[in-house]
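1. my questions concern the predicted model and sequence given below.
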Amino acid sequence: KHIPSDPRLTSSFSNHSHPADAVAQAMKELADSAESWPEIAEKPGAIGMFRAGQNVYKTLCRSEKSYIENSAIHFIAPMKQFLIADIKRLEQERRELMTLRVDMDSARNRAAKHEECAPEAERATHDFERQKEIVEEEIRGLERKLGLVCTAVKTYVDDHVSYLETSLEAMRELQRASRQEEGKRKEEKTGEITV
C-alpha cells in the first residue's frame, strides 16, 4: 500500500542543502514535540537521545559542508584548471603543430621541384620550429603542474578520510546514546541494572 509522504517532511528536506542538516532539524522537532507528550516527558532519556541525535547530525552537517567546500577548493578547481584549461591548450597547440607540419612538408616538396619556392619552405620550416618550441614549453608546464595535481589528489583523499572518520565517530556517539537509553528502559522494566 502506498503511504503518501508528509509535505512538511519533504518541504523541510528540500529546504536544506545537506541531508544531515535536515535530519538534525527533524531530531530537534521530534525532541521539542516529545517534551509535550506525557508518555515520553516522564522518560527524559528518550528526549536526551533525540537531542543527542540532533547534536550528532549537526556535527555530521558541519563535517559534510567542510568536506564539500574543501573538495571544491582543493580538488575540483585545480583538476578543472588542469584538465580543461591546460590540457586543452596543449591539444590546441599540438593541432596547430600538425597543421604547420603539413604546410612545411608541402612547401618543401614544392621547393624541391621549383627553386623559387625555397623562401616559402624556409618560412614554413621556421613557423613549424617555433610552434614545436611552444608545444615543448606547454609540455614542460604540464609536467610542473602535475606535482600540484598530485598534491590536490592527496589533499582530497585526506579530506575524505577526515570526513569519514568524523562521520563514523559521530554515528558511534549516537549509537552509544541509543544503547544507554535502551539499557535504562530494560532497567525500568526488570528492575535489574545492566552494564
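-> Nice, I can see it. None of these values were measured; they are calculated from a predicted model. Numbers count the residues shown, from 1 in each chain.
2. so Glu64 makes contact with Ala20?
-> Yes: under the criterion of C-beta atoms under 8 Å, Glu64 makes contact with Ala20 at 5.4 Å. From N, CA and C alone the C-beta is placed, and that goes for glycine too.
3. grab the most central residue of the chain for me.
-> Ser71 (4.4 Å; C-alpha atoms, centre = their mean).
4. I'd say that one and Tyr156 touch.
-> Yes: the pair Ser71 / Tyr156 is scored as a contact, 6.0 Å apart, by C-beta under 8 Å.
5. one step back: measure the residue nearest to the centre of the chain to Lys65 for me?
-> 11 Å (C-beta to C-beta, to the nearest Å).
6. next: Glu93.
-> For Glu93, the distance to Lys65 equals 40 Å [C-beta to C-beta].
7. same check on Leu142?
-> Look at Leu142 and Lys65: by C-beta to C-beta, they are 33 Å apart.
8. where do the strands sit along this structure?
-> Using DSSP state E, no strands are found in the chain.
9. any idea which helix is longest in it?
-> Using DSSP state H to define each element, the chain has its longest helix at helix 118-190.
10. how about Leu142, nearest residue that isn't a chain neighbour?
-> If the residues on either side of it in the chain are set aside, Leu142 comes closest to Asp86, at 5.8 Å by C-beta to C-beta, 6 or more residues apart in numbering.
11. same question, Tyr67
-> Leaving aside its sequence neighbours, Tyr67 sits nearest to Tyr163 (C-beta to C-beta, 6+ apart; 3.8 Å).
12. check contacts around that neighbour.
-> 63-64, 66-67 (C-beta atoms under 8 Å, 6 or more residues apart in numbering).
13. where does this protein have low pLDDT?
-> For the chain, applying pLDDT under 70 flags the ranges 1-17, 40-44, 185-195.
14. same thing but at 80, please
-> Scanning the chain for pLDDT under 80 picks out the ranges 1-20, 30-31, 34-49, 180-195.
15. okay, buried residues for stretch 143-157 please.
-> Residues of stretch 143-157 classed as buried: 145, 149, 152, 155-156 (neighbour count, 16 or more other C-beta atoms under 10 Å).
16. now that stretch, how far from the centre of its chain.
-> The chain centroid and the centroid of stretch 143-157 are separated by 15 Å, computed with C-alpha atoms, centre = their mean, to the nearest Å.
17. now stretch 139-156
-> Using C-alpha atoms, centre = their mean, the offset of stretch 139-156 from its chain centre is 18 Å.
18. neighbouring contacts of that stretch?
-> Residues outside stretch 139-156 that contact it (C-beta under 8 Å, 6+ apart): 70-71, 74-75, 78-79, 82, 86-87, 90.
19. ok, 7 Å please
-> Stretch 139-156 has contacts (C-beta atoms under 7 Å, 6 or more residues apart in numbering) with 71, 74-75, 78-79, 82, 86, 90.
20. try stretch 27-43
-> Contacts for stretch 27-43 (C-beta under 7 Å, 6+ apart): 46-47, 50-51, 53-54, 57.
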